Structure formats: structure tokens, C-alpha cells
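>>> here you go, sequence then predicted model.
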Amino acid sequence: MFFLPVVTSFVIVAGIWSWVFKGNKTGMVNYLLGLIGIDPQLFLSSSIQALMVLAGLSIFKVSGQMMIYYFAGLKSIPPELYEAARIDGASPWKSFWTITMPLLKPFHFYVAIITTISSFQIFDSTYLLTKGGPQNSTVTVVYYLYQQGFESIDLSYASVIAYVLFAIIFAISLIQKKYLGGEITHY
């Protein structure tokens with residue numbers, strides 16, 4: 001159930017998201033807001049709200065995949081470590097901070113790298129729901145690259161944008177590797 005947004009076509013998910021956040025009384029969120037007396041909101045027509053809707057869609061789309069990674073990480077921790085900590089008198093909170101979090105460090109690193117790269121490459125939700133509007137508030141780097149390369153036919157500028165995007169993602173990945181990467185040397 002949690003993995004369903006990952007395997008569902010993004011066009012379908014974006015269509016459902018568009019219906020849920022429709023800017024009139026037929027939108028599901030506006031219908032629920034109307035039940036408690038709040039006026040309908042123009043979610044995809046408001047500069048601030050449109051960006052939040054797209055961010056929510058991105059989180060919704062990848063959350064199931066990240067849950068699977070962390071579930072695999074939790075299953076890889078030997079239960080004997082928790083039993084030994086419990087025998088030594090460690091509280092569940094202490095066990096979490098001294099066993100679970102350090103042993104999930106490789107998973108934190110992987111998830112951080114994957115989500116960072118994905119967050120810089122958001123294109124489909126912007127293209128399908130807002131086309132960069134309202135007032136260019138939802139234009140992402142990749143959508144801007146698309147506009148320059150395919151709408152303005154300025155392929156050289158689009159190539160420069162792609163190289164700069166690569167450099168930014170690479171630099172952030174190196175920083176993440178420094179602070180989150182590395183091997184686990186202790187239990």
C-alpha cells in the first residue's frame with residue numbers, strides 16, 4: 001500500500017493530485033475545508049500554495065520507496081544487539097540512539113543522495129500541473145532547462161544549465177558523503 005505511489009504512473013498520480021487540489025468546491029481538499037467553514041483555496045493558482053502542492057506531490061511519490069529502504073535497513077540490524085542492550089539496562093530511547101541510528105548510517109547516506117538528486121530533477125510535476133506558473137513560482141531548474149532547450153531552441157544555454165546542475169549536485173553529494181558516508185566501524 002505504501003509503495004503504490006512509486007509503481008503508479010506519475011501522470012495518473014499528478015491527475016489525482018490535480019483533482020484533490022482543484023481550486024473550486026469540487027476539489028477534495030476544498031470540499032473538506034468547506035465542511036469546517038473555510039473558503040475554497042486556489043492551490044495551483046497561488047504562488048506560495050502551488051509550490052507547496054508540488055513539494056507535497058514529490059514527497060508523496062517517493063515516500064514509499066524510502067520506507068522500503070529504511071525497512072530493509074531495520075531488518076539488517078541483528079536482534080541480538082537490542083537484546084544485549086536490554087540486558088545491560090538500556091532504555092528503548094538509548095537503544096535507538098546507540099544501536100539503530102548508527103547502524104542505519106549507510107541508509108541515511110543513500111536516501112540523502114537519492115532524494116537530493118531527485119529534488120533537483122523535478123520536471124514532471126511542474127510540467128503536468130502548473131507549467132511553471134503562477135508567475136514562474138514553480139519553475140524548477142530542469143523545467144527551466146526544458147524551456148530553454150526545447151521551447152526557446154537555445155540548446156547551448158540548456159547544455160550549460162545541465163553542466164551547472166551536474167556540478168551543484170556533485171558538490172552537494174560530496175558534502176553529504178563527508179558527513180553521512182563512511183563505513184560503520186562499531187556495533
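That came in fine, so what should we check first? Numbers count the residues shown, from 1 in each chain.
>>> next, name the residue at the spatial heart of the protein.
I59 (3.9 Å; CA atoms, centre = their mean).
>>> avg pLDDT for the helix or strand containing that residue?
For I59, the element it lies in under DSSP states H and E is helix 47-75. Averaging pLDDT along helix 47-75 yields 92.
>>> how far off centre is it?
4 Å (CA atoms, centre = their mean, to the nearest Å).
>>> other SSEs contacting it?
helix 4-7, helix 10-20, helix 105-120, helix 124-125 (3 or more CB pairs under 8 Å, 6 or more residues apart in numbering; DSSP states H and E). Using the backbone N, CA and C atoms, a C-beta is placed for each residue, glycine as well.
>>> which of the ones you listed has the highest mean neighbour count?
helix 124-125 (a mean of 20; mean count of other CB atoms under 10 Å).
>>> now do that one, average pLDDT.
Helix 124-125 comes out at a mean pLDDT of 90.
>>> could I get the buried residue list for stretch 89-106?
Of the residues in stretch 89-106, A90, S95, I99, L103, L104 count as buried by neighbour count, 16 or more other CB atoms under 10 Å.
>>> do stretch 39-52 as well
In stretch 39-52, counting by 16+ other CB under 10 Å, buried: P40, Q41, F43, L44, S46, Q49, A50, L51.
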